[in-house]
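1. Next come a sequence and a model predicted from it.
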Amino acid sequence: MRQSIDDGVTLEIVYEGRTHNAEVINRTGMDTAFADVFSDYNLKERMQILGYGSRDAYLEAESTIKAKAKDMINHYLTHVFPNGYKAQIVATSREAAARYKTHVDSAIAEAVVQLTKANPGKIDLDQLKKLKTDVIISGNHNDPLHLKEYSDGSRHEASIKSFKLPFEGEDEGVKGDIGILIVTNMLITGFDARPAIGLSWIYEKIGHPQKYRDLPHPRGKELVSGESALYLGRQYRIEVVQKGLPGVHFAQKFLIPTTQIRKKEEALREWYIAKAKEKIIPQVKHYAHHLGVNIKGIRIVDNRFRWGSCTINDNVNFNWRLIKAPMFVIDYVIMHELAHLMESNHTPMFWDIVRAQAPTMDKAKGWLKEHGQLLEQSI
């Protein structure tokens with residue numbers, strides 16, 4: 001990916017975080033006192049007592065969004081727009097996204113007035129006056145009117161098409177005037193790299209880090225007797241057997257029938273997926289019960305970009321390749337995703353929840369960074 005970016009084939013996405021700092025000075029003392037008083041309650045109940053809903057109320061507050069929108073537009077007009085770049089703002093909810101549009105539009109209009117009086121950076125005012133914004137969110141049947149207009153599929157297509165065009169571009173009657181898209185979880189990607197257009201992300205929440213170090217990929221193994229395969233963090237010897245087995249069998253070593261030898265890429269895949277379901281799903285249910293969170297579904301998936309994910313519908317997904325990692329790593333990934341059901345962003349509170357339930361969190365993160373690419377190998 002880095003080589004592709006350097007070659008100009010793939011356009012790099014830049015993440016820019018914009019947050020308020022509203023932390024308690026003596027967090028440790030406050031947390032200790034709270035834990036002592038409410039020690040009989042599980043973690044989810046404690047979060048409710050703390051007024052977890054007030055966090056969303058804060059992030060959706062008009063005054064908060066107005067201040068953030070003004071700050072982001074100042075940054076955008078100073079560092080991004082002059083280079084011909086467009087941007088996305090990722091809000092924490094659909095309501096917040098709609099409110100961001102109102103205040104972003106207002107901040108742009110205010111900037112136009114100020115720049116008309118003095119424009120030391122020589123910003124293209126004609127283009128700025130034509131710049132439009134839109135909101136891309138999913139919809140529900142009972143949505144209020146101010147949200148319904150932003151969940152229309154045909155409007156989405158037109159806005160995304162406009163957003164992908166350069167500012168001065170036009171295609172089939174659609175002009176590239178959309179300069180800022182405001183989204184929640186529907187991240188719009190897939191841009192061709194052109195000298196005239198780039199993309200900057202003004203991101204309100206921290207994205208997932210790279211899964212592992214960008215090291216040269218290890219040489220693949222051969223499916224032959226004497227070789228080894230990874231399972232739960234350990235390498236186990238492979239032994240090819242002539243007959244007597246319908247498929248892969250594990251008995252402190254991998255017994256693989258000769259009929260599977262030609263299927264190098266798939267030989268162990270089915271076995272790994274079955275083991276992932278057998279070991280990961282019960283573990284997820286155990287931790288979910290312990291935390292007091294409700295999950296609607298657990299899936300073992302083939303995902304090349306994340307070890308785990310959590311959806312807005314309270315479903316959790318886990319990469320089947322995790323079954324190759326040590327159990328303490330699997331537990332960390334499970335806790336990471338379940339914690340998102342209580343705290344959607346990677347805030348200090350989120351990491352406190354994960355660390356409290358998975359004390360080897362730092363060790364697990366280090367293991368994935370160091371050895372994560374090994375999990376991607378077919379053998």
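-> Sure, I can see it.
2. Going by C-alpha atoms from here, please, whenever you check contacts or count neighbours.
-> OK.
3. Do a quick rundown of the helices in the stretch 251-379 of the chain.
-> Remark: helices assigned in the stretch 251-379 of the chain by DSSP state H, counting those that start in this stretch are 269-291, 327-339, 348-357, 361-371.
4. now for the first one, which elements pack on it?
-> So the one you mean is helix 269-291. Contacts defined by 3 or more C-alpha pairs under 8 Å, 6 or more residues apart in numbering; DSSP states H and E place helix 269-291 against strand 297-301, helix 327-339.
5. and the ones you listed as CSV, adding mean neighbour count?
-> As requested, the helices and strands packed on helix 269-291 are exported to CSV (neighbours: other C-alpha atoms under 10 Å):
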stretch, mean neighbour count
strand 297-301, 17
helix 327-339, 23
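6. Kindly indicate whether Val240 is helix, strand or coil.
-> Using DSSP: H, G, I helix; E, B strand; the rest coil as the criterion, the local structure at Val240 reads strand.
7. so what's it bridging to?
-> Beta bridges link Val240 to Ile256 when assigned by DSSP bridges.
8. What distance do you get for it to His75?
-> 61 Å (C-alpha to C-alpha, to the nearest Å).
9. just to revisit the earlier point, now distance to Leu291 and mean pLDDT too, for the helices and strands packed on helix 269-291, in CSV please.
-> Output for the helices and strands packed on helix 269-291, formatted as CSV (distance: least, C-alpha to C-alpha, whole Å; pLDDT from 0 to 100):
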stretch, distance to Leu291, mean pLDDT
strand 297-301, 16, 91
helix 327-339, 8, 94
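10. neighbour count winner among Val240 and His75?
-> Val240 (19 against 14; other C-alpha atoms under 10 Å).
11. Could you check the pLDDT of the more buried one?
-> Among the per-residue scores, Val240 shows a pLDDT of 82.
12. With Gly176 instead?
-> 92.
13. Pull stretch 112-127 out as CSV, backbone CA atoms only.
-> Backbone C-alpha positions of stretch 112-127 (Å, rounded to 0.1, in the frame of the first residue of the first chain) are rendered in CSV as follows:
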residue,chain,number,x,y,z
VAL,A,112,-16.5,33.9,2.8
VAL,A,113,-17.6,37.3,4.3
GLN,A,114,-14.3,37.6,6.2
LEU,A,115,-12.2,36.6,3.2
THR,A,116,-14.0,39.1,1.0
LYS,A,117,-12.6,41.8,3.3
ALA,A,118,-9.1,40.3,3.6
ASN,A,119,-7.7,37.3,1.8
PRO,A,120,-3.9,37.1,2.7
GLY,A,121,-3.8,33.4,1.7
LYS,A,122,-5.3,34.2,-1.7
ILE,A,123,-7.9,31.5,-1.3
ASP,A,124,-10.0,30.9,-4.5
LEU,A,125,-13.1,32.8,-3.4
ASP,A,126,-15.1,32.0,-6.5
GLN,A,127,-14.6,28.3,-5.9
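14. Could you list the buried residues of that stretch?
-> By 16 or more other C-alpha atoms under 10 Å, the buried positions in stretch 112-127 come out as 112, 115, 123.
15. Output these as JSON lines; include the columns distance to Tyr100, secondary structure and pLDDT.
-> JSON lines is the format used below for the buried residues of stretch 112-127 (distance: C-alpha to C-alpha, whole Å; DSSP: H, G, I helix; E, B strand; the rest coil; pLDDT from 0 to 100):
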{"residue": "Val112", "distance to Tyr100": "18", "secondary structure": "helix", "pLDDT": "95"}
{"residue": "Leu115", "distance to Tyr100": "22", "secondary structure": "helix", "pLDDT": "94"}
{"residue": "Ile123", "distance to Tyr100": "23", "secondary structure": "coil", "pLDDT": "91"}
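16. JSON lines please, covering those residues and showing distance to Asp143.
-> What follows is these, written out as JSON lines (distance: C-alpha to C-alpha, whole Å):
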{"residue": "Val112", "distance to Asp143": "33"}
{"residue": "Leu115", "distance to Asp143": "38"}
{"residue": "Ile123", "distance to Asp143": "39"}
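17. which among the residues you listed gets closest to Leu230?
-> Among the buried residues of stretch 112-127, Ile123 lies closest to Leu230 (C-alpha to C-alpha), at 56.2 Å.
18. Got the confidence number for the nearest residue to that closest one once chain neighbours are set aside?
-> Closest residue to Ile123 apart from its sequence neighbours, by C-alpha to C-alpha, 6 or more residues apart in numbering: Pro82 at 6.1 Å. We have a pLDDT of 87 for Pro82.
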